[in-house]
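Participant: Model the structure of this input:
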Amino acid sequence: MILISKIKIKHIFIFYILSTLSLILFTTVTNFNLTGYSYQYHENGDLTIEKGYIIKDQVINTPTNEAIQAIELISKANAYWNVTYVFCLVFFLLLFKNAYKPFRPEKNWKRYVTFYSIVLIAFLVWIISSQVTLTEQIATIINDLKGGE
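Facilitator: Numbering: from 1, shown residues only. All right, here's what the predicted structure looks like:
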């Protein structure tokens, strides 16, 4: 069993860096966002919209000019995901910094924890509600492109 007190700050920092790089690599390789939708351009001017978080299923293949709204919403979802993981990485970095005894503020420690918790909860509520709305809008547009199935 590993005792927390024996873990050095450099080990936590190395773990943090590796986790960050893994998340960035995962996001890049799988084209991940929280809505589950992604798109790919093809040289012939067609666009394929896919759904799935890791394993992608083709939803529709359509000319690019017909799917401009879907492209905009999926791009917005990608931007939200980038903001989400950057915010979380910064949040956890600050949390680790303040949880580590030598860097911990001696006064008002409970206020720091309360403030961090409130900010995290507010951010999560905002991002989840935004992603649900985006997912519904993308699904509606795709259904319209398919012919209203």
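Participant: Direction included, what does whichever strand or helix holds Ile49 pair up with?
Facilitator: According to DSSP states H and E, Ile49 maps onto strand 46-51. Applying DSSP bridges to the sheet, strand 46-51 is found paired with strand 37-41 (antiparallel), strand 57-63 (antiparallel).
Participant: which of these sits most buried?
Facilitator: Mean neighbour count (mean count of other CB atoms under 10 Å) peaks for strand 37-41 among the strands paired with strand 46-51, with a mean of 18. All C-beta atoms are positioned from the backbone trio N, CA, C, and that covers glycine.
Participant: which residues does the spatially most central residue of the chain contact?
Facilitator: Central residue of the chain (CA atoms, centre = their mean): Trp81, 3.1 Å from the mean position. Each residue near Trp81 by CB atoms under 8 Å, 6 or more residues apart in numbering is listed here: 27, 32-34.
Participant: JSON lines please, covering the residues you listed and showing distance to Asn98, pLDDT and secondary structure.
Facilitator: Listed next are the contacts of Trp81 as JSON lines, based on distance: CB to CB, whole Å; pLDDT from 0 to 100; DSSP: H, G, I helix; E, B strand; the rest coil:
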{"residue": "Thr27", "distance to Asn98": "27", "pLDDT": "86", "secondary structure": "helix"}
{"residue": "Phe32", "distance to Asn98": "29", "pLDDT": "86", "secondary structure": "coil"}
{"residue": "Asn33", "distance to Asn98": "30", "pLDDT": "85", "secondary structure": "coil"}
{"residue": "Leu34", "distance to Asn98": "27", "pLDDT": "86", "secondary structure": "coil"}
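Participant: who wins for most neighbours among the residues you listed?
Facilitator: Greatest neighbour count in the contacts of Trp81, by other CB atoms under 10 Å, goes to Asn33: 23 neighbours.
Participant: I'd guessed that one sits against Lys76; true?
Facilitator: No: using CB atoms under 8 Å, Asn33 is not in contact with Lys76; the gap is 9.3 Å.
Participant: Can you give the distance from the biggest helix by length in the chain to the centre of its chain?
Facilitator: Counting by DSSP state H, the longest helix found in the chain is helix 109-146. A distance of 10 Å separates the C-alpha centroid of helix 109-146 from that of its chain, computed with CA atoms, centre = their mean, to the nearest Å.
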